[in-house]
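Undergrad: Sequence and predicted structure are below.
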Amino acid sequence: MRVLLRLCALALVFVTFNQVAVAQAPEVPIRALGRFDGWRDNALVGYGVVTGLAGTGDSRSNAVTRQALRNVLSRLGAVVTEQDISSRNVAVVIVTANLPPSANIGDRIDVTVSSIGDARSIAGGTLLMTTLEGPDRKVYALAQGPLVVGGYQFDAQQSLAQRNHPTTGRIVLGATIERPVDAQLVNARGELAFLLAQPNFETAQNIANAINTRFGAGSARVESADRVTISAQTARGDTPRLIAAIEGLTVQPARLFRVVVNERTGTIVAGGDVMISPVVISQGDLRITVETRNEGSQPYFTSNLASDVSSLTISNTRLDVEVGRDDATIRMGAATVGDLVQALNAMRVDTRRIISVLQALKSAGALHAELIVE
């Protein structure tokens with residue numbers, strides 16, 4: 001009777017399956033669909049020393065730390081040997097940052113500091129002046145300042161309390177740009193290239209059509225699914241004005257047929273027009289329980305008999321398989337993923353089983369979309 005009621009409820013939900021209205025995707029600015037080739041961030045990296053730690057720095061066995069501190073002191077005019085350095089208030093670190101494409105001399109950027117030695121924590125430390133280099137080995141920024149660490153580690157008498165990662169910290173606006181970045185947007189042939197964040201031939205063609213409509217036929221052409229080439233001669237020497245005009249154009253992106261499922265949060269995101277072919281779904285209520293019980297076998301006489309006589313631990317495992325009585329078989333016509341998920345939620349099916357159903361539909365060829373499980 002309970003199964004019949006569930007099937008009746010599903011029938012009411014699936015009545016409107018064949019009456020799916022596909023809404024047109026709204027037009028969005030071109031700037032939201034990608035970027036121009038050459039306009040990108042650049043990675044910077046440096047090697048430095050953090051001081052002022054309360055005994056949580058690198059140990060004396062770390063030769064890299066002693067050498068780094070000796071180099072720093074020698075540049076400041078102090079002559080010491082590596083054997084003279086025994087402080088645990090110092091840690092050697094790697095400093096990383098991202099250089100924006102519009103960086104100018106004097107601008108400040110954030111940096112991330114990570115310990116590469118055996119320091120227990122770098123909380124409360126101060127990064128000494130560190131040069132940040134790019135892939136071309138040129139210095140683009142200088143970093144220095146107190147660290148902000150979102151964690152801690154305390155230990156006493158073999159007791160340890162730790163939160164997050166105390167060996168990594170940040171310095172907000174801790175690096176100053178010393179070399180500007182010259183972004184080359186126009187190539188030697190006098191062309192711009194727009195790169196799509198989501199490669200798609202339909203979207204690329206829509207972008208080219210919008211540019212040709214605005215600036216004239218032949219101004220843009222599609223090179224690939226993620227690249228649209230634009231003639232910079234249209235700007236007549238005013239490339240920034242051309243880029244601003246192109247970014248302001250609106251186009252209709254192609255619909256991406258995807259179903260994204262997050263098992264940890266129970267979130268399912270799918271387009272409103274992701275269709276499911278006519279299919280039969282059988283969802284059974286299967287429960288498997290594995291129980292392990294440990295028992296000890298103690299000999300009656302163990303005293304003064306032999307040194308190798310000891311107790312024996314025996315593990316007994318019991319496996320129970322329980323099949324519910326509320327199994328249901330559903331026959332449905334063409335529908336959307338949203339309708340299916342709504343119906344399964346009405347039956348109080350958990351996220352794990354919904355994922356199993358979607359994966360089975362994908363394997364059966366009934367789900368006409370890309371399934372992404374996170």
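TA: Great, that's in hand.
Undergrad: Pick out the least confidently modelled helix or strand of the chain, by mean pLDDT.
TA: For the chain, using mean pLDDT, DSSP states H and E, the weakest element among its helices and strands is helix 2-13, scoring a mean of 40.
Undergrad: quick one, phi psi at Asp58?
TA: Dihedral angles of Asp58 (phi, psi; degrees, to the nearest 10) stand at phi -70, psi 150.
Undergrad: Now do the SS call for Gln67.
TA: Following DSSP: H, G, I helix; E, B strand; the rest coil, Gln67 is assigned to helix.
Undergrad: So what pairs up with Leu44 in the strands?
TA: Ala97 (DSSP bridges).
Undergrad: What ranges does the stretch 201-350 of the chain have for its strands?
TA: Using DSSP state E, counting those that start in this stretch, the strands of the stretch 201-350 of the chain run over 220-224, 227-231, 250-251, 258-262, 267-270, 275-276, 279-283, 286-297, 312-323, 328-332, 335-336.
Undergrad: how much distance is there from the fourth one to the middle of the chain?
TA: Spelled out, it's strand 258-262. 15 Å (CA atoms, centre = their mean, to the nearest Å).
Undergrad: Mind listing the strands that strand pairs with, and their directions?
TA: strand 267-270 (antiparallel), strand 370-373 (parallel).
Undergrad: Also the first one?
TA: Strand 220-224 has its sheet partners listed here by DSSP bridges as strand 227-231 (antiparallel).
Undergrad: So for the partner strand, what gets flagged as buried?
TA: 227-231 (16 or more other CB atoms under 10 Å). Using the backbone N, CA and C atoms, a C-beta is placed for each residue, glycine as well.
Undergrad: Is Thr167 in contact with Ser115, as I believe?
TA: Yes: look at Thr167 against Ser115 with CB atoms under 8 Å: they come within range, at 4.1 Å.
Undergrad: higher neighbour count, these two?
TA: Ser115 (25 against 22; other CB atoms under 10 Å).
Undergrad: Tell me what the more buried one is bridged to.
TA: On the basis of DSSP bridges, Ser115 is bridged to Val93.
Undergrad: who wins for proximity to Pro180 among the strands paired with strand 258-262?
TA: For Pro180, the closest of those is strand 370-373, at 40.3 Å, according to CB to CB.
Undergrad: Next, the buried residues of the closest one.
TA: Buried, per 16+ other CB under 10 Å, within strand 370-373: Leu371.
Undergrad: send the alpha carbons of it over as PDB?
TA: The C-alpha coordinates for strand 370-373 follow below in PDB (Å, rounded to 0.1, in the frame of the first residue of the first chain):
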ATOM      1  CA  GLU A 370      28.000  15.800 -18.500                       C
ATOM      2  CA  LEU A 371      27.900  14.400 -15.000                       C
ATOM      3  CA  ILE A 372      30.400  16.000 -12.600                       C
ATOM      4  CA  VAL A 373      30.600  14.500  -9.000                       C
END
